[in-house]
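Enquirer: here you go, sequence then predicted model.
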Amino acid sequence: MNILSSVNWNSPLSLYSIPVIWFTSFYPNSWKARGILFDGIMHSVQPRSNTARMANEKSISPAMAARIQRMEGAHLNGNEAMPLWFAAVLAGNFAGLENRWLNTMSAAYVVTRILYNQVYVNYNHAAKGWLR
């Protein structure tokens, strides 16, 4: 049995996209913190400087430092887009838009945010940066 066939697309499922989008915004930051912690350069007194200090750290390869900076960028980008998405979902539900349409748009947005994070973090070449 297909799980999508058992979902009632006429219920307000779009509201569930709010915590999912919150998660997609914060998991790149968790990756970043894990990378910094495992490399032993976590600075708990001024943690916001950890990413900037990565570029000067000799024990971290330049590729890893750049990847951690892209993880922070993906996190910040998600934080910037999140309030707009929350407002759009809530406004659509309060306005009485069709649930099937809101659910479809919400599912599409969740999938594209996940793909966007993957592209943001993993594509390290300027020629591939246009995908963002």
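Expert: Looks like it came in fine.

Enquirer: which elements pack onto whichever helix or strand Ala108 is part of?
Expert: Following DSSP states H and E, one finds Ala108 within helix 99-122. Counting contacts by 3 or more Cβ pairs under 8 Å, 6 or more residues apart in numbering; DSSP states H and E, helix 99-122 is packed against helix 17-38, helix 62-94. Every C-beta, even on glycine, is put in place using the N, C-alpha and C of the backbone.

Enquirer: so which bits of that helix are buried?
Expert: 99, 102-103, 105-107, 109-110, 113, 116-117, 119-121 (16 or more other Cβ atoms under 10 Å).

Enquirer: which secondary structure element of this structure has the lowest mean pLDDT?
Expert: Least confident helix or strand of the chain, by mean pLDDT, DSSP states H and E, is helix 50-54 with a mean of 69.

Enquirer: send me the helix holding Ala108 as CSV with only the CA atoms.
Expert: The C-alpha coordinates for helix 99-122 follow below in CSV (Å, rounded to 0.1, in the frame of the first residue of the first chain):
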residue,chain,number,x,y,z
ASN,A,99,-6.5,22.3,1.3
ARG,A,100,-5.4,20.1,-1.6
TRP,A,101,-3.7,23.1,-3.3
LEU,A,102,-2.1,24.3,0.0
ASN,A,103,-0.9,20.7,0.8
THR,A,104,0.6,20.3,-2.7
MET,A,105,2.4,23.6,-2.5
SER,A,106,3.6,22.8,1.0
ALA,A,107,5.0,19.4,0.0
ALA,A,108,6.7,20.9,-3.0
TYR,A,109,8.3,23.7,-0.9
VAL,A,110,9.5,21.1,1.7
VAL,A,111,11.1,19.0,-1.0
THR,A,112,12.7,22.0,-2.7
ARG,A,113,14.1,23.3,0.6
ILE,A,114,15.7,20.0,1.3
LEU,A,115,17.2,19.9,-2.2
TYR,A,116,18.3,23.5,-1.9
ASN,A,117,20.2,22.7,1.3
GLN,A,118,21.9,19.8,-0.3
VAL,A,119,23.0,21.9,-3.3
TYR,A,120,24.0,24.8,-1.1
VAL,A,121,26.2,22.7,1.1
ASN,A,122,27.7,20.2,-1.4
